[in-house]
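Visitor: Any chance you could fold what I've pasted below:
(one chain, ligands or ions: 1)
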Amino acid sequence: MTTNVGIDKIGFYAPNYYVDMTDLAEARHEDPNKYLIGIGQNRQAVIPPTQDVVTMAANAADSILTPEDKEKISLVLFGTESGIDNSKSAAVYLMNLIGVNNQAKAVELKQACFGATAGIDLAKNYLMNHPDEKALVIGADVARYGIKTPGEVTQGGGAVVMLLSQNPRILVLDTHDAHLTRDIMDFWRPNYRTEALVDGKYSEQVYLDFFTDTFHRYLTKTGFKMGDFEALIFHLPFTKMGVKALRTVLPEADERQQEVLKANFDDSRVYAREVGNLYTGSLYLSLLSLLETGKLSAGDRVGLFSYGSGAEGEFYSGVLVPNYQDQLNKIQRLDELNNRTKLSVQDYETMFMDQLPTDGSDRILDLAGDHATFVLAGLKDQQRQYRKQT
Ligand code: HMG
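Guide: Presented below is the predicted three-dimensional model:
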């Protein structure tokens with residue numbers, strides 16, 4: 001049932017700024033418990049102008065890749081719906097920044113939050129026929145709905161980067177998946193907008209429909225039973241969404257397994273509560289959170305539900321490899337999230353509105369507040385000026 005391909009390394013980056021959800025609730029005249037419990041978010045990453053999907057991905061990749069990895073990567077698949085160029089892919093910008101060998105193929109994949117999962121699918125099949133090579137799959141986005149909109153509490157951003165290979169050291173992928181695509185308007189962003197348009201309640205309902213459909217078809221297709229899964233994890237546009245999805249299938253589990261699934265789901269949402277929606281990277285942040293804050297053992301099977309509005313959904317699974325913990329960064333991650341700079345609601349609004357010019361003019365950005373390794377220094381002659389800081 002399993003392939004011999006899967007996730008060998010996983011890295012994450014979120015910018016250094018956040019806004020607190022209690023502060024935001026008070027500023028919007030809402031009960032803080034609506035945001036903290038009803039939506040399930042504590043804090044939200046705020047993206048400074050000096051970070052975009054390319055720099056965030058580069059910072060995440062830099063935390064996991066060795067020079068040997070960069071030589072062996074022959075495929076770079078960049079899932080994003082926050083592209084910075086309509087022609088040249090973010091993958092090519094990224095390869096140059098982090099120094100991946102130039103014989104690798106590099107493309108950008110777009111289908112709302114589904115892009116990174118499409119990357120995993122493509123990389124899985126590719127690596128089965130390329131045993132000595134590696135693939136880099138990225139999910140990086142900036143989730144923007146707008147100030148004082150209902151979606152505001154579900155914003156966020158960041159990047160998750162995964163290195164896939166044969167004989168992976170974290171998660172071996174199972175052979176099958178169950179997939180669903182439907183042309184619907186639950187969430188979209190026309191080219192002229194920097195903020196998404198959304199039919200919020202409808203999007204939640206479609207998400208749940210896609211989950212129950214793909215999950216049950218996956219069980220039929222594979223012969224797996226509820227009891228075969230130690231954890232079910234989800235794309236988390238806000239963490240309560242995963243609670244709602246899990247609840248739809250919990251009655252199919254026995255009492256003991258219900259408790260296990262609930263506890264493991266809680267571990268999978270620790271990081272998302274702190275950064276918000278990563279769009280394409282969100283499901284993989286759930287995976288990272290589960291692995292780094294949870295207590296799973298080698299041999300445990302994890303089920304993953306990916307959802308991208310518009311809409312495309314997929315359920316698939318993988319099995320944890322012995323000593324997978326050695327590949328992770330357990331202690332540092334929560335410290336890093338806790339040590340970010342807190343912004344007042346007013347400063348968050350100012351940063352949110354501070355967008356790069358769209359009329360072709362130059363702009364030099366102040367890098368003083370951004371100590372990340374990779375930053376965007378500005379726009380010059382209609383080209384992005386990326387920098388590596390030492
Ligand atoms: P809203 O209308 O402001 O919220 O928008 P609400 O009034 O429905 O309240 C939210 C929850 O808080 C409710 O719980 C309330 O009962 C509860 P629920 O009924 O949902 O279980 N609540 C409280 N709880 C405790 N104490 C209180 C309290 N008050 C209320 N005092 C909505 C919420 C999510 C619709 C909005 O934020 C939104 O539109 N977000 C963006 C859309 C979204 O995230 N959709 C998710 C599914 S689509 C998806 O995942 C794809 C996506 O990632 C994009 C992509 O694919 O690229 C979005």
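Visitor: Residue of the stretch 51-200 of the chain nearest the ligand, please.
Guide: G200 (2.5 Å; Cβ to the nearest ligand atom). Every residue, glycine included, has its C-beta placed from N, CA and C.
Visitor: give me every residue that touches that residue.
Guide: Neighbouring residues of G200 by Cβ atoms under 8 Å, 6 or more residues apart in numbering: 150-151.
Visitor: what separates the lowest-mean-pLDDT helix or strand in the chain from the chain centre, distance-wise?
Guide: Ranking every helix and strand in the chain by mean pLDDT, DSSP states H and E puts helix 330-338 at the bottom, with a mean of 86. Centre-to-centre, helix 330-338 and its host chain are 17 Å apart (Cα atoms, centre = their mean, to the nearest Å).
Visitor: Give me the contacts around it.
Guide: 12, 14, 270-271, 274-275, 288, 292-293.
Visitor: residues of that helix that come out buried?
Guide: For helix 330-338, burial by neighbour count (16 or more other Cβ atoms under 10 Å) applies to 333, 337.
Visitor: Which residues of the chain lie near the ligand?
Guide: Within the chain, the positions adjacent to the ligand are 31, 33-34, 37-39, 81, 112-113, 150-151, 153-154, 186-187, 198, 200-201, 203-204, 207, 235, 237-238, 241, 277, 279, 307-309 by Cβ under 6 Å from any ligand atom.
Visitor: Which ones among the residues you listed lie within strands?
Guide: Residues of the residues of the chain next to the ligand located in strands (DSSP state E): 187, 198, 307-308.
Visitor: Look up how far the ligand lies from the closest residue to P322 other than its chain neighbours.
Guide: Spatial nearest neighbour of P322, chain neighbours left out: A298 (4.1 Å); criterion: Cβ to Cβ, 6 or more residues apart in numbering. From A298 across to the ligand, the span is 31 Å (Cβ to the nearest ligand atom, to the nearest Å).
Visitor: Extract the residue ranges of this protein that are flagged as low pLDDT.
Guide: For the chain, residues meeting the criterion pLDDT under 70 lie at 330-331.
Visitor: what about the helices in it?
Guide: Secondary structure of the chain (DSSP state H): helices located at 21-27, 32-33, 53-62, 67-72, 90-98, 115-128, 200-222, 239-249, 255-268, 270-275, 282-293, 330-338, 345-353.
Visitor: Return the members of the residues of the chain next to the ligand classed as buried.
Guide: Among the residues of the chain next to the ligand, those classed as buried by 16+ other Cβ under 10 Å are 39, 81, 112-113, 151, 153-154, 186-187, 198, 203-204, 207, 235, 237-238, 241, 277, 279, 307-309.
Visitor: Tell me the spacing between G146 and A196.
Guide: Using Cβ to Cβ, to the nearest Å, G146 is found at 8 Å from A196.
Visitor: who has more neighbours, these two?
Guide: A196 (22 against 15; other Cβ atoms under 10 Å).
Visitor: I'd say that one and F187 touch.
Guide: Yes. Using Cβ atoms under 8 Å, A196 is in contact with F187, at 5.8 Å.
Visitor: where's A196 relative to V142, distance?
Guide: 10 Å.
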